[in-house]
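A.B. asks: I would like to see how this sequence folds:
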Amino acid sequence: MDTIEIIKTGVGFNDPFEPIISDLKGEAKESYSIEVSGQGQLTGLSYTIPAHTEGRITATLQISALSSQDVKDLNDLAIGMLNASYKEEVKEYEKTSASANLSVWTWFFGGGGASASYEKTKNTMKSKGLTEGQITTLMNAFLEKAKNMSSVKIDFYVNNSANDYSVSGDLYLYTVSGSISTEKGTSQYRMLADQASAGGPPPSGGGAPSSGTIKLN
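C.D. replies: Have a look, this model is predicted:
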């Protein structure tokens, strides 16, 4: 099995619309806003993977975001606060959601295209069984990750080994962004999904007939 390496430079990210980072509202000591932007395109990263070939594409993105490990840490913390039935809901939602490893957050806030103020966010978390103390713990952890965002390196694996034709296209990632504030500070944040749609823009193009995952460092 052949594996090709593709290294790209000058890669940017084109949001499906310009993220709206609204002013934080609500209690001064603890505020949170979320903007679920949906699918955005990585620019300058078109690729071609030959038939019966695996491909690995690496690049440093010209935007700041949380790393895959940061997102995992926050996911583990959030999911650990849920009871068994809600954990199962997240698992089922993730199977059909384009937001991949960000699914727990889009599940919390109503799915794709949703945005939420602090009051709505807090009420939704409470409706899922989180206590005031758990919400504060989660927001403080989120803030610490957000304050340490930096440009991220993408490592994308495309498996075209089963196809007898080449696949070409672009990469589309789900993004979640917003603002967070606690007694410990204020920061904007961005999370990018660790799975991409490869090929034509979803859902009309459906993506190339290949599978792939993304790791953000």
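A.B. asks: For residue 75, report the pLDDT, please.
C.D. replies: Looking at residue 75, its pLDDT stands at 93.
A.B. asks: what's the answer for residue 81, then?
C.D. replies: For residue 81, the predicted pLDDT is 93.
A.B. asks: and the closest residue in space to it that isn't next to it in sequence, which of the three is it?
C.D. replies: Distance criterion C-beta to C-beta, 6 or more residues apart in numbering; nearest residue to residue 81, sequence neighbours excluded, is residue 134 at 4.8 Å. All C-beta atoms are positioned from the backbone trio N, CA, C, and that covers glycine. Following DSSP: H, G, I helix; E, B strand; the rest coil, the label given to residue 134 is helix.
A.B. asks: do the same with the one 10 residues further on
C.D. replies: When states are read from three-state DSSP, the local structure at residue 144 comes out as helix.
A.B. asks: where does this protein have low pLDDT?
C.D. replies: Residue ranges of the chain with pLDDT under 70: 1, 16-36, 110-118, 197-212.
A.B. asks: Swap in 50 and give it another go.
C.D. replies: Under the criterion pLDDT under 50, the flagged ranges of the chain are 20-28, 201-210.
A.B. asks: OK, contacts around residue 79?
C.D. replies: 87, 90, 104 (C-beta atoms under 8 Å, 6 or more residues apart in numbering).
A.B. asks: what about the last one, neighbour count?
C.D. replies: Taking other C-beta atoms under 10 Å as the criterion, the count of residues near residue 104 is 26.
A.B. asks: now do the first one
C.D. replies: As a burial measure, residue 87 scores 13 neighbours (other C-beta under 10 Å).
A.B. asks: What sits closest to it if chain neighbours are left out?
C.D. replies: Per C-beta to C-beta, 6+ apart, closest to residue 87 is residue 79, 5.9 Å.
A.B. asks: Could you pull out the helices in this structure for me?
C.D. replies: For the chain, helices defined by DSSP state H occupy the ranges 68-80, 84-96, 103-108, 118-127, 132-147.
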